[in-house]
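K.L.:
sequence and computational prediction follow.
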Amino acid sequence: MSTQTDINGFWDLQVLQEAVIPLEIEHFDRAVELSQTESHEHHQWQVYIEELAYGGFLTWLAERTLALAIAPLPQSSAPSRDWPTAGVKHLVVNGLRLGLLVTESVAHETVTIPGAAIIAPTELAPHLYVLLEVQEEQEQIILRGCLWCDQLPEQIRQFVQPDAIYGLPLDWFDPDSTHLLVYLQFLQPAAVVNPAVAKSVLPPPIAARHQTLINVWNWAQNGVDVTTQVLSWSLPQPLTPAFALRRSPTKVEAAFQDLMRRQQIDIPSQAQYSYVNLEGTPFQIGAVSWLPGETRSPCEWALLLIVVAQPGKVLPLGTTLQVMTATGLAEVTLETTDLYLYILVAGGQEEAFTPTVRSPHIAPVILPAFICRPPSGS
Amino acid sequence: MNELSRYWKLIKLDAAEAGRGYQIQALPPAQQFLEAYCSDFADRTPPPDQVQNQLLQWLQAPTAEQTTHTGSELCLRCYVSHPILQSCLRRSRLFGPGYGFTYRDLLPFVLNDDGKPIQGHFVPFAIEILRSFCPQQSASLAGWVDLRVRRHPELNQFLLERGLHSSSDWALLNRANPHQMHGIDRVLVEVFHQVYRRDRPQHHQQGRQRCSDPTELQLQEMYQRLREQQVSLPSAQSVLGQLKRIADRLRQAEIWGRRGSPVTEPLETIDPETGEARLREVPGRTDEPELEAEERSKLQQFCCDRLHHCLEQAIQQALCERIQHLQQRPRYAQFAHQVKPALQLLYVEGKSQAQIAAQLGMTNQSQVSRVLNPKELLTAIRQHTLERLLRDLLTKVQELNLVEFPVSPAYLNNLVQQLETFVDEQVFYAAVAELNATRNGPLNSAFADRLRLVLHEQSSPVASPIA
């Protein structure tokens, strides 16, 4: 008997979790047929690829599980033409609504998803997104993973724009095909977070947030500002000389030190600083505020805002920090070599500064306005 | 794994066939060095960030004593080996599926440090990484490691040869996104899409699986369309040259992964966990309920009792499905009756794929892999084993009134992950390893035993029905 080394090359347990689905002639025939019915030549390729993914995925489901009730979305609730969800195919399996995200490459480890698929009318919104990569030339599709609707970051769900395209890291998708099959067989829709419910518990939208103000006057008085507390900012603390000397392990402090040392920004010792991690985004925002010395007008104040990445995250290229006042707007954008963004503003007692952080693929974050007002009567 | 133990546990290459490709080795000198440093912190362990900063400082300080330098370097060499492994796992996740290679194939390129003092000219990759790391310019050391692995020339060459090489230039251009390009390249790709994508489905139907070079007619059309958009090239042939140039760049970009300089690489997201089979961390649900210890031990015992029964049924089910599935396909129906004989030859007689093909009269590689494909069969059996165990377990959980029904996705997910670890340890890890190992004679894992048993029962006149 001869010695042999392998069957189909080396593989391991990881391979058992992957689903590489071969495409058959009938899948191609069907995809060609359906793409021909699309009147816009421009969209035909997209339809062709989506249908390949759809057909292959259905075959795979049928092969891997015996008793699944698979159906397209009911005709009455099928997305209409004015509900554009290009790149997403819809399917109901055992009562769970799936949104099939179809892509031709995941090499950049980013998955794009149209905003319309996230804010779809709730009776259509998918419970679960399934990512499929079509390798047309190799005649196969790869099931790249699945993601529950409530695992989408709150910031995206909250500020989603229907005509925008959002980029999600590939890492967010659970790549184990076993898990998907188990969900489809064992979960009842009643036990799954409904996209509608997921939305209703979200914090109030932007307009309501505009009403909140952070009063840095309270910081200077060592008092506690209620808004700061409610929004989970850190307790304001002074920038002491010790702070300036030690090599800080946190990025926001390191950024302040860099500004003082290299950009020669003079932050007086009475300055107070506080920071916040913006949930569902990679951003950490630091704010330093101070009232200038005796010689200047007592109603003047200064605010230095810094955007850094949260620990374990990175600022996307093109991130923009804006500060808006009643009369003007300052803006800086992250270039290749920057580690942080900052804006320094100074204003009078009546002025308010509203910072906004924008990033390609992340919904804009509008922070509460900063003001500096002594309590009335003082 | 204790987070600080990464600084004294080295991941090193292990070429043994049946293993996972690496082993974790504790290095006592590194451990002693680290413990001496930690002892300065009295009753608390210093945070990992602080430990790393200190080690890096000692390593890079020109005035550090030799013992401090060597000790800190050894600790950091250990640390670096962890993100190297993670990075290989991620690369293979991305490019492996469908191309038949795994992280094991990537490890030899980058995991070449054995923790011994450096001798001669050979510099392990881990040390190269440490020497080139500049804390002021990079997001984190783990991030820097990932970046260096992504840019490793030989590793990339391997990926090109094994994976992306199988994509033609035209497939790469077909799936390119013109919105990520600028200037003339963008127009070129848009025009290419208008013409080539339009014709491709028909070309595929005519039997051309591989995307062939654009025809003269297609090139002419592209040339005309480009002129209409004020892009003038000397000739239709030069359109071809331009497209090939873009394809070349796309191929590089796919290998390098995310664009951008080190600063913008979202690399810190890599949490260098190792020593576990779980490959990447999926964002956890915040309210994930943990199973209580007592509950867990009760359920574990239950699973042990049920495992072999479920496995046997899963084998029967998967065999039956495979045969049915082949019967339904005109191209493969004639081979449906050969599924069991092929498995007999593999699992009872230990024959190779080529020998099996010859013995059963198959000529075509896709026939062999369709009929025999032990990977697909093992995948299906693992899946069915999990499902059957899970079904039994959920009934049990309901009986014991341990959780509210219907169960939440978080609870189910937790349960499945524990079950997976259990069945893999008990059955599937060994089943996979023995298929990979060089062997001579029949296979002898617990899985192979069960499979033979089922094959034997089904070949006898009184076949047992599927439960």
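P.N.:
Now that the structure is in, tell me what you want to look at. Numbers count the residues shown, from 1 in each chain, chains lettered A, B, ... in the order given.
K.L.:
quick check: the residue lying closest to B:Val454 once chain neighbours are set aside vs B:Arg388, distance?
P.N.:
Nearest residue to B:Val454, sequence neighbours excluded (Cβ to Cβ, 6 or more residues apart in numbering or on different chains): B:Ile315, at 4.7 Å. Where you see a C-beta, it was placed from the backbone N, CA and C, and this is true even at glycine. According to Cβ to Cβ, to the nearest Å, B:Ile315 and B:Arg388 sit 11 Å apart.
K.L.:
quick one: which of these two has more around it?
P.N.:
Between B:Ile315 and B:Arg388, B:Ile315 has the larger neighbour count (other Cβ atoms under 10 Å in any protein chain shown), namely 24 against 20.
K.L.:
check what pLDDT the more buried one gets.
P.N.:
B:Ile315 is assigned 95 on the pLDDT scale.
K.L.:
mind exporting stretch B:48-64 as PDB, just the C-alpha atoms?
P.N.:
Output of stretch B:48-64 as PDB, limited to C-alpha atoms (Å, rounded to 0.1, in the frame of the first residue of the first chain):
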ATOM      1  CA  PRO B  48      -0.100  45.600  29.900                       C
ATOM      2  CA  ASP B  49       0.300  48.900  28.200                       C
ATOM      3  CA  GLN B  50       2.700  50.100  30.800                       C
ATOM      4  CA  VAL B  51       4.700  46.900  30.700                       C
ATOM      5  CA  GLN B  52       5.100  47.100  26.900                       C
ATOM      6  CA  ASN B  53       6.100  50.800  27.100                       C
ATOM      7  CA  GLN B  54       8.800  50.000  29.700                       C
ATOM      8  CA  LEU B  55      10.100  47.000  27.700                       C
ATOM      9  CA  LEU B  56      10.300  49.100  24.500                       C
ATOM     10  CA  GLN B  57      12.100  51.800  26.400                       C
ATOM     11  CA  TRP B  58      14.700  49.500  27.700                       C
ATOM     12  CA  LEU B  59      15.100  47.800  24.300                       C
ATOM     13  CA  GLN B  60      15.700  51.100  22.600                       C
ATOM     14  CA  ALA B  61      17.700  52.900  25.300                       C
ATOM     15  CA  PRO B  62      21.300  53.100  24.200                       C
ATOM     16  CA  THR B  63      22.500  53.200  27.800                       C
ATOM     17  CA  ALA B  64      20.500  50.100  29.100                       C
END
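K.L.:
which positions in it come out as buried?
P.N.:
Neighbour-count burial for stretch B:48-64 flags B:Val51, B:Gln52, B:Asn53, B:Leu55, B:Leu56, B:Trp58, B:Leu59 (criterion: 16 or more other Cβ atoms under 10 Å in any protein chain shown).
K.L.:
what are the contacting residues of it?
P.N.:
The list of residues contacting stretch B:48-64 from outside it, by Cβ atoms under 8 Å, 6 or more residues apart in numbering or on different chains, reads A:247, A:249, B:3-4, B:7, B:34, B:37-38, B:68-69, B:71-73, B:75-76, B:79, B:130, B:133, B:135, B:141.
K.L.:
distance from it to the middle of the chain?
P.N.:
33 Å (Cα atoms, centre = their mean, to the nearest Å).
K.L.:
now do that stretch, average pLDDT.
P.N.:
Rounded mean pLDDT across stretch B:48-64 is 87.
K.L.:
cool, and stretch B:240-250?
P.N.:
Stretch B:240-250 carries an average pLDDT of 91.
K.L.:
swap in stretch A:324-331?
P.N.:
For stretch A:324-331, the mean per-residue pLDDT is 71.
K.L.:
gap between the two ends of that stretch?
P.N.:
Stretch A:324-331 has an end-to-end distance of 9 Å (Cα to Cα, to the nearest Å).
K.L.:
now swap in stretch B:116-125 and tell me
P.N.:
End-to-end span of stretch B:116-125 (Cα to Cα): 13 Å.
K.L.:
and it, average pLDDT?
P.N.:
The average pLDDT within stretch B:116-125 is 90.
K.L.:
ok, stretch A:351-370 next?
P.N.:
Mean per-residue pLDDT for stretch A:351-370: 79.
K.L.:
okay, that stretch in CSV with CA atoms only?
P.N.:
Output of stretch A:351-370 as CSV, limited to C-alpha atoms (Å, rounded to 0.1, in the frame of the first residue of the first chain):
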residue,chain,number,x,y,z
GLU,A,351,-20.9,82.5,22.3
ALA,A,352,-21.5,78.8,21.9
PHE,A,353,-19.3,76.3,20.0
THR,A,354,-20.9,73.2,18.5
PRO,A,355,-18.4,70.6,17.4
THR,A,356,-19.2,67.9,14.8
VAL,A,357,-17.0,65.0,13.8
ARG,A,358,-17.5,63.5,10.4
SER,A,359,-15.9,60.5,8.8
PRO,A,360,-16.3,58.8,5.5
HIS,A,361,-18.6,55.8,6.2
ILE,A,362,-19.6,56.9,9.8
ALA,A,363,-22.6,58.9,10.5
PRO,A,364,-21.7,62.4,11.6
VAL,A,365,-21.6,63.0,15.4
ILE,A,366,-22.8,66.3,16.6
LEU,A,367,-21.7,67.1,20.1
PRO,A,368,-23.6,69.3,22.5
ALA,A,369,-22.7,73.0,22.3
PHE,A,370,-20.0,74.3,24.7
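K.L.:
do the helix of greatest length in chain A and chain B meet?
P.N.:
Longest helix of chain A, by residue count under DSSP state H: helix A:41-64. Yes: on the criterion Cβ under 8 Å from any Cβ of the partner chain, helix A:41-64 is in touch with chain B at A:Glu41, A:His42, A:Gln44, A:Trp45, A:Tyr48, A:Glu63, A:Arg64.
K.L.:
state the pLDDT value of the closest residue to the first one other than its chain neighbours.
P.N.:
In space, and not counting its chain neighbours, A:Glu41 is closest to B:Arg198: 6.1 Å by Cβ to Cβ, 6+ apart. Looking at B:Arg198, its pLDDT is 94.
K.L.:
likewise for A:Ala271?
P.N.:
We have a pLDDT of 82 for A:Ala271.
K.L.:
then A:Ala255?
P.N.:
Predicted confidence (pLDDT) for A:Ala255: 79.
K.L.:
contacting residues for the residue lying closest to it once chain neighbours are set aside?
P.N.:
Nearest residue to A:Ala255 in three dimensions, chain neighbours excluded: A:Tyr340, at 4.2 Å (Cβ to Cβ, 6+ apart). Residues counted as contacts of A:Tyr340 (Cβ under 8 Å, 6+ apart) are A:Lys251, A:Val252, A:Ala255, A:Asp258, A:Ile306, A:Val307, A:Val308, A:Leu315.
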